[in-house]
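> Structure here, sequence nowhere to be found:
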């Protein structure tokens with residue numbers, strides 16, 4: 001049995017923002033105990049004196065394309081859109097992710113330990129996304145939840161992909177109509193399947209059933225306010241309870257409506273250039289306004305549109321625009337975990353949770369803070385050679 005004992009950790013209380021000095025005992029892949037002083041003996045135990053550096057939960061990015069859009073390989077690494085057919089609910093991001101993408105090393109260096117990976121937004125129905133840890137070489141061993149949700153996309157991306165070829169969808173009407181048509185077919189297929197009237201399985205419609213049954217999220221790419229409203233409308237028509245808005249750039253224009261509907265938002269990319277018309281209303285203070293209205297917000301890099309190592313700087317930027325520090329930290333930890341339905345495992349430093357931790361030499365919301373080491377599933381997966389003198393390992 002593997003044990004790691006972290007002594008003298010400065011842990012930020014995610015309930016009130018206070019900082020407390022405590023020890024953390026890790027047993028195998030889980031946090032076993034948290035206390036002011038832990039005196040524990042075991043064979044081959046690794047003891048690390050953190051020396052009052054800051055320890056926080058491994059960060060969670062609730063919307064990325066990590067490994068499915070690879071860095072440093074050009075067009076050969078673009079596996080995110082099956083753009084020959086606008087309706088592809090059956091494709092799985094899992095089948096295209098390369099865990100050897102250099103972005104995974106960037107993630108562990110900066111303390112991002114859990115991410116959602118999704119297909120792109122060229123198709124009205126783009127396929128299934130999933131949640132993974134950021135360390136490993138076999139993607140199947142990195143999984144946290146698969147599948148997580150079904151990607152649908154509204155707005156300019158699917159229109160610009162197919163409309164220029166005079167193929168549906170040419171308009172926003174066409175986007176919504178294709179989604180409705182597919183969901184209706186899935187409802188009929190599901191009924192006939194329950195009645196025992198299906199002789200041959202339909203892989204596309206099989207992929208829709210978990211969403212209709214409430215077992216899987218509907219993850220709706222929408223930047224513009226009217227597209228968010230359409231996503232909510234379609235979800236309500238089919239009695240879909242698990243809806244998450246991806247991006248939400250113009251959410252501030254319909255903030256009361258989103259609060260009324262209680263729809264969480266994977267917000268971002270926050271600091272990307274306004275390279276599309278739909279990014280025109282990008283606003284660094286939006287997270288603050290949404291949270292003040294009681295809307296669940298998880299910040300995201302939308303990697304690689306912001307690189308994965310920008311997740312913490314994004315949170316810092318929202319604080320500079322008025323967001324409370326504790327809320328910014330939640331946006332990159334427990335809020336993201338809740339939006340991914342994984343908050344029983346990641347996003348907190350609590351007994352029984354996955355031992356995913358990152359240690360910084362300054363407060364995490366200090367832009368000058370740097371990672372000392374990162375732990376995922378109880379293993380030290382990154383140790384800074386430049387800063388390791390700030391701790392003591394025995």
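The structure has been received and is ready for your questions. The structure displayed is predicted, hence computed values, not measured ones.

> And for residue 52, the neighbour number?
Using other CB atoms under 10 Å, residue 52 is surrounded by 13 other residues. For the C-beta atoms, the positions are set from N, CA and C on the backbone; glycine is no exception.

> Mean confidence (pLDDT) on the top helix by length along the chain, please.
In terms of residue count, the longest helix belonging to the chain (DSSP state H) is helix 172-194. On average, the pLDDT along helix 172-194 is 97.

> Check which residues of it are buried.
By neighbour count with 16 or more other CB atoms under 10 Å, helix 172-194 contains the buried residues 172, 174, 175, 176, 178, 179, 182, 183, 186, 187, 189, 190.

> So the fourth one versus residue 184, what's the distance?
In other words, residue 176. Distance of residue 176 to residue 184, given as CB to CB, to the nearest Å: 12 Å.

> quick one: contacts for the residue nearest in space to the middle of the chain?
Closest residue to the average C-alpha location of the chain: residue 62 at 1.2 Å, with CA atoms, centre = their mean. Shown in contact with residue 62 (CB atoms under 8 Å, 6 or more residues apart in numbering): 115, 116, 266, 298, 300, 335, 336, 337, 339, 340.

> part of a helix, is it?
No. Applying DSSP: H, G, I helix; E, B strand; the rest coil, one finds residue 62 to be strand, outside a helix.

> how close does it sit to residue 388?
For residue 62 relative to residue 388 (CB to CB), the value is 31 Å.

> secondary structure class for residue 47?
Classified using three-state DSSP, residue 47 is strand.

> ok, it - how many residues close by?
Neighbour number of residue 47 under other CB under 10 Å is 14.

> can you check the one 4 residues further on too?
Residue crowding around residue 51 was assessed by other CB under 10 Å; the count is 16.

> How is this protein divided into domains?
With domains defined by automatic domain parsing, the chain comprises 3-56+352-393, 59-339.

> Enumerate every residue touching residue 185.
Contacts here follow CB under 8 Å, 6+ apart; on that basis residue 185 touches residue 205.

> Just confirm residue 178 contacts residue 125, I think it does.
Yes. Between residue 178 and residue 125 a contact is recorded at 7.1 Å, counting by CB atoms under 8 Å.

> Now the common contact residues for these two.
With CB under 8 Å, 6+ apart, residue 178 and residue 125 have common neighbours 86, 87.

> secondary structure class for residue 39?
Assigned with three-state DSSP, residue 39 falls in the coil class.

> And it, what's its pLDDT?
At residue 39, pLDDT is 92.

> and what of residue 272?
69.

> Kindly report the same for residue 275.
Predicted confidence (pLDDT) for residue 275: 66.

> Could I get the full set of strands for the stretch 51-200 of the chain?
Taking DSSP state E, counting those that start in this stretch to define them, one finds strands in the stretch 51-200 of the chain at 54-57, 59-64, 112-117, 125-133, 143-153.

> Columns distance to residue 261 and mean pLDDT on top of those strands, output as TSV?
Below are those laid out as TSV (distance: least, CB to CB, whole Å; pLDDT from 0 to 100):
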stretch	distance to residue 261	mean pLDDT
strand 54-57	29	97
strand 59-64	19	98
strand 112-117	21	98
strand 125-133	22	98
strand 143-153	17	98
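
> now those in a markdown table, with distance to residue 292?
As requested, the strands of the stretch 51-200 of the chain are exported to a markdown table (distance: least, CB to CB, whole Å):
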| stretch | distance to residue 292 |
| --- | --- |
| strand 54-57 | 23 |
| strand 59-64 | 20 |
| strand 112-117 | 25 |
| strand 125-133 | 28 |
| strand 143-153 | 27 |
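
> Can you pull the poorly scored residue ranges out of the chain?
Applying pLDDT under 70 to the chain flags residues 75-77, 272-273, 275, 277.

> all helices for it, in order.
Assigned by DSSP H, the helices in the chain fall at 102-110, 156-162, 172-194, 203-212, 225-237, 255-261, 286-292, 311-320, 325-331, 334-339.

> any idea which of the ones you listed is most buried?
Per residue and on average, the most neighbours among those fall to helix 334-339, with a mean of 25 (mean count of other CB atoms under 10 Å).

> Mind giving me the packing neighbours of that helix?
Under the contact criterion of 3 or more CB pairs under 8 Å, 6 or more residues apart in numbering; DSSP states H and E, helix 334-339 touches strand 59-64, strand 297-299.

> TSV please, covering these and showing distance to residue 27.
Output for the helices and strands packed on helix 334-339, formatted as TSV (distance: least, CB to CB, whole Å):
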stretch	distance to residue 27
strand 59-64	22
strand 297-299	29
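
> Go through those strands and name the closest to residue 380.
Nearest of these to residue 380, taken as CB to CB: strand 59-64 at 16.6 Å.

> Run the chain-centre distance for the closest one.
Offset of strand 59-64 from its chain centre (CA atoms, centre = their mean, to the nearest Å): 3 Å.

> what are the pairing partners of that strand, and which direction each?
When pairing is defined by DSSP bridges, strand 59-64 lines up against strand 112-117 (parallel).

> got the angle for the strand it pairs with vs strand 143-153?
Here the directions of strand 112-117 and strand 143-153 differ by 40 degrees (axes from the mean of the first three to the mean of the last three CA atoms, to 10 degrees).

> So which residues make contact with strand 112-117?
Residues outside strand 112-117 that contact it (CB under 8 Å, 6+ apart): 58-68, 93-94, 97, 107, 129-135, 144, 148, 266, 303, 308-309, 311, 336-337, 340, 342, 346-347, 356, 358, 374, 376.

> Could you check the angle that strand makes with helix 102-110?
140 degrees.

> Strand 112-117 to strand 125-133, inter-axis angle?
Per the same axes, to 10 degrees, the angle that strand 112-117 makes with strand 125-133 is 160 degrees.
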